[in-house]
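Asker: Just need the structure, nothing else, for what follows:
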Amino acid sequence: MAAELIVQGEQRRLSAIMFTDMVGYSSLTQKNERLALELLEEHRRLLRPMFEKHNGVIVKTIGDSFLVSFDNTLNAVLCALETQHTLSEYNAASPETVQIKIRIGIHLGDVVHRQGDVYGDGVNIASRVEATAEPGGIAVSEDVFRQVQNKIDASFTKLGKGELKNIKTDVAIYKVEPKTVEPLNIANVLARLRFVVKQRRTRTMALAALACLVLIAVVSQTMLGKSEKRQILVVVTDFVNETDVRQLEIQLGDKSRAVIEESPDLSVMTRPRMYEELKLLKKEKNRRVNEVLALEICKQTHADVLITALVKKFGHVYSVDMKAVDPIRNQYLATAVEQTEKIDDLPTMVQKVSEKIRRQLESQSDKLREAN
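Answerer: Residues are numbered from 1 along each chain as shown. Below is the predicted model:
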């Protein structure tokens, strides 16, 4: 348990502090405020479960940023790695205009917990560390590195030691990546180069780093290769709602997307991206994505699967009927039906049918990749 000192309502203890920040959010707000707000909500929806899973406590949100406290550095770094992996998969299935990229910074320090907030140099350093991270990257202080270097399946690249704004002492910064990424690669050398230049080190060092970058680029082109199975792109329509409950179709559709997205084989198109595609089709006025519009989106994006769903009420019985089809060949791929007499059970029913559809699609994943 972390050491803790309580003085006049304050709690002073050693905590791992994480800062996250969305890249390019402010400029997007100026260009397209509605899209920016939708992406902000999507970003929060994706990140909050990650913090909860790794026992992180959200201290506060500051615009497009999160300040999160962890009792130990291991949970904090594992959370950061899983968060960036989740966003990487999300972005792989999204056009550049609706991708969500964040920077994450983590520092271990003595902080003061007071009335639901945190204060102290530890918080300030964490904020500055986050600013050194690259878009989609993770940066940690040396204190964090020392705590987790032999306890976690990840690679650490020392970027350097330099001054951080408004911090009196120099702080060594490390870049963190999954261990499947080679520690010595172009991205790491480029990150090192940027850090050196930012810290205004000698021109000789910068040129040396650049020379290493060029050399590794040549070697990588001739020696390194990567083959991964692509994810299957899935478009889920809003539910057809034949009950007397308004807005149910959108709520259940979002629930279904979240369940299907849990598969590593499937990449579900998000609502913001669907609206972006509708905009390209000049049909952005439609706030509900029905089967006809979804089919157009599938053809435009070369999606592999189209999922439609119907929720009906027969007397006192609610029925959830879901189908997955090949949008190109118009062939059924999977079906599932569930019934309940309680409207409060509908989310559970949607989860069940979505899980059934997900499993059926996973069993056909190789065929779907080959077909399209």
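
Asker: just to confirm, which helix or strand has the residue lying closest to Leu280 once chain neighbours are set aside in it?
Answerer: Leaving aside its sequence neighbours, Leu280 sits nearest to Gln300 (C-beta to C-beta, 6 or more residues apart in numbering; 6.9 Å). C-beta coordinates here come from the backbone N, C-alpha and C atoms, glycine included. According to DSSP states H and E, Gln300 maps onto helix 291-301.

Asker: Which strands or helices does that helix pack on?
Answerer: With contacts defined as 3 or more C-beta pairs under 8 Å, 6 or more residues apart in numbering; DSSP states H and E, helix 291-301 has these neighbours: strand 232-236, helix 271-280, strand 305-314.

Asker: Show the average pLDDT along that helix.
Answerer: For helix 291-301, mean pLDDT rounds to 90.

Asker: Okay, buried residues for it please.
Answerer: Within helix 291-301, the residues that count as buried by 16 or more other C-beta atoms under 10 Å are 291, 293-298, 301.

Asker: Show me which pair in those residues is furthest apart.
Answerer: Spanning the widest gap among the buried residues of helix 291-301 are Glu291 and Thr301, at 15.6 Å by C-beta to C-beta.

Asker: Contacts for stretch 261-280, please.
Answerer: With contact meaning C-beta atoms under 8 Å, 6 or more residues apart in numbering, stretch 261-280 is reached by 35, 38-39, 42, 89-90, 92-95, 97-98, 229, 231-236, 254, 257, 260, 284, 286, 289, 293-294, 297, 300-301, 303, 305, 358, 361-362, 365.

Asker: Could I have the buried ones of these as ChimeraX selection syntax?
Answerer: To isolate the buried members of the contacts of stretch 261-280 in ChimeraX, using 16+ other C-beta under 10 Å:
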select :35,38,39,42,90,93,94,98,231,232,233,234,235,236,254,257,260,289,293,294,297,301,303,305,358,361,362,365
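
Asker: Would you map the strands across the stretch 1-150 of the chain?
Answerer: With DSSP state E, counting those that start in this stretch as the criterion, the stretch 1-150 of the chain has strands at 4-7, 10-22, 57-62, 65-70, 102-114, 117-119, 138-141.

Asker: where does the spatially closest residue to Gly105 that is not a sequence neighbour land on pLDDT?
Answerer: Of all residues not flanking Gly105 in the chain, Glu130 sits nearest, at 2.7 Å (C-beta to C-beta, 6+ apart). For Glu130, the model assigns a pLDDT of 90.

Asker: What residues does Glu130 make contact with?
Answerer: Counting by C-beta under 8 Å, 6+ apart, Glu130 has contacts 19-21, 103-105, 139.

Asker: what about the closest residue in space to Thr348 that isn't next to it in sequence, neighbour count?
Answerer: Using C-beta to C-beta, 6+ apart and skipping residues adjacent in sequence, the residue nearest Thr348 is Thr340, 7.7 Å away. By the criterion of other C-beta atoms under 10 Å, Thr340 has 16 neighbours.

Asker: any idea how far Val111 is from the residue nearest to Gly105?
Answerer: Distance, Glu130 to Val111, using C-beta to C-beta, to the nearest Å: 15 Å.

Asker: And Thr361, what's its pLDDT?
Answerer: Quick fix: residue 361 reads Leu, not Thr. 92.

Asker: The helix or strand harbouring it vs strand 305-314, what angle?
Answerer: Using DSSP H and E, Leu361 maps to helix 346-363. Orientation check (axes from the mean of the first three to the mean of the last three C-alpha atoms, to 10 degrees): helix 346-363 against strand 305-314 gives 150 degrees.

Asker: next SSE after helix 346-363?
Answerer: Trace forward from helix 346-363 with DSSP H and E and the next one is helix 365-371.

Asker: Only C-alpha atoms, please: export that next one in CSV.
Answerer: What follows is helix 365-371, C-alpha atoms only, in CSV (Å, rounded to 0.1, in the frame of the first residue of the first chain):
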residue,chain,number,x,y,z
SER,A,365,-13.2,-14.4,-40.5
ASP,A,366,-10.7,-16.0,-42.9
LYS,A,367,-13.4,-16.5,-45.6
LEU,A,368,-14.6,-12.9,-45.2
ARG,A,369,-11.0,-11.6,-45.7
GLU,A,370,-10.6,-13.6,-48.8
ALA,A,371,-14.0,-12.8,-50.2
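
Asker: contacting residues around the residue nearest the centre of the chain?
Answerer: For the chain, the residue sitting closest to the mean C-alpha position, by C-alpha atoms, centre = their mean, is Leu87 at 2.6 Å. Neighbouring residues of Leu87 by C-beta under 8 Å, 6+ apart: 46, 100-102, 136.
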